[in-house]
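Enquirer: Sequence first, predicted coordinates after that:
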Amino acid sequence: MKTQVVVNANAAAFAGEPRLIAEVRQSAVGADRVVVTRDLDELARAAAAMRADGVERVVLCGGDGTYMAGITALAATGLDRLPEVCLAPGGTVATVAKNLGTRLGLLETVRRATTASSRLAVIEHPTLRVSETGGVTRIGFIFGTGLVARFFQRYYQAGAGGHAAAAKIVARVFVGSFVSDAYSRSVLDPLPCKLSVDGRVLRPDAYSLVVSSVVRDLGLHMWVTHRAAEDPDRPHLVAAPLSARDLGPQAPRVLLGRRLRGEGCFDDLVAQFSVQFPDGGGPYVLDGELLLAETISVTAGPKVRFVS
């Protein structure tokens with residue numbers, strides 16, 4: 001099987017340990033090529049070359065944002081059937097990789113995925129197609145705005161310190177929500193936006209949470225999208241217009257994979273939804289990448305074969 005390894009040199013593991021790229025090369029025992037990329041243009045060129053070469057398996061080394069960018073680049077080449085994809089964890093967290101069966105570290109994952117004798121599990125899994133006004137389209141796994149975007153704003157401001165830093169923010173918001181303190185409100189207060197689902201505009205004009213995902217665990221065992229991947233053609237969408245005092249204390253329900261309670265909450269599988277922000281646009285997150293747009297449309301993306 002023709003296999004290539006793609007390394008995101010900007011991912012956390014490689015930025016902190018430059019020699020790790022050489023170790024990846026040594027671990028990629030059966031790979032036809034190891035490509036190191038540093039920006040989206042290099043990634044796009046690598047994807048085009050892989051199409052031309054007939055690559056059958058791609059090992060993406062990085063974090064969740066790397067996986068999103070890599071699969072987006074592969075899909076943009078126009079292939080009817082994408083190559084198999086292996087997610088090798090090299091970022092701060094590996095939420096998507098863990099959801100899709102990755103249990104080993106970076107080098108061992110690369111070694112197994114590039115060794116012909118390895119017996120690997122292959123699963124076909126849905127993705128999200130996320131399109132902004134103006135034509136920018138990305139293929140990913142976890143979309144969110146409202147508290148999701150505000151959480152990541154604070155996470156990156158604090159230095160993106162992995163699970164411990166994320167848990168600290170969640171704990172502070174959870175405790176503060178019982179008294180509706182300033183910090184919890186800065187994360188949980190409804191964000192002005194218009195939400196349309198399958199052609200129908202929902203009544204609230206501000207949401208504290210909008211999240212859609214094709215994986216169930218959004219990180220830290222938060223099972224908001226507990227029906228993710230139930231129907232590969234209809235992503236799970238959860239939206240809530242609740243105040244900090246009404247939303248924050250429901251964190252234990254999320255950990256148990258239960259529906260949020262409250263007036264105006266939406267929880268269902270959908271064919272398409274869009275989020276429209278007021279003039280100037282608003283923040284949203286796709287697989288940990290903080291982005292800005294005025295209008296975003298989300299549908300099911302291509303089904304991808306993942307190996308682990």
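Expert: Received it, and whenever you're ready, just let me know what you need.
Enquirer: ok, longest helix in this structure?
Expert: Determined from DSSP state H, the single longest helix within the chain is helix 162-177.
Enquirer: Show me what counts as buried in that helix.
Expert: 165, 166, 169, 170, 173, 174, 176, 177 (16 or more other CB atoms under 10 Å). For glycine as for every other residue, the C-beta is placed from the backbone atoms N, C-alpha and C.
Enquirer: I figured residue 4 was touching residue 50, is that so?
Expert: Yes - the criterion here is CB atoms under 8 Å, and residue 4 meets it with residue 50 at 5.7 Å.
Enquirer: can you list residues touching both of the two?
Expert: Common neighbours of residue 4 and residue 50, using CB atoms under 8 Å, 6 or more residues apart in numbering, are residue 58.
Enquirer: got the contact list for residue 162?
Expert: 92, 93.
Enquirer: The stretch 1-150 of the chain: strands as residue ranges?
Expert: Under the criterion DSSP state E, counting those that start in this stretch, the stretch 1-150 of the chain carries strands at the ranges 3-8, 33-37, 57-62, 84-89, 122-125, 128-132, 137-140, 142-146.
Enquirer: how distant is stretch 289-302 from the center of its chain?
Expert: Mean-position distance between stretch 289-302 and its chain equals 11 Å (CA atoms, centre = their mean, to the nearest Å).
Enquirer: Ok, stretch 29-47 next?
Expert: Mean-position distance between stretch 29-47 and its chain equals 21 Å (CA atoms, centre = their mean).
Enquirer: Tell me the buried residues in that stretch?
Expert: Across stretch 29-47, burial judged by 16+ other CB under 10 Å covers 31, 32, 34, 35, 36, 37, 42, 43, 44, 46, 47.
Enquirer: tell me the domain ranges of the protein?
Expert: When the chain is parsed with automatic domain parsing, its domains come out as 3-120, 140-302.
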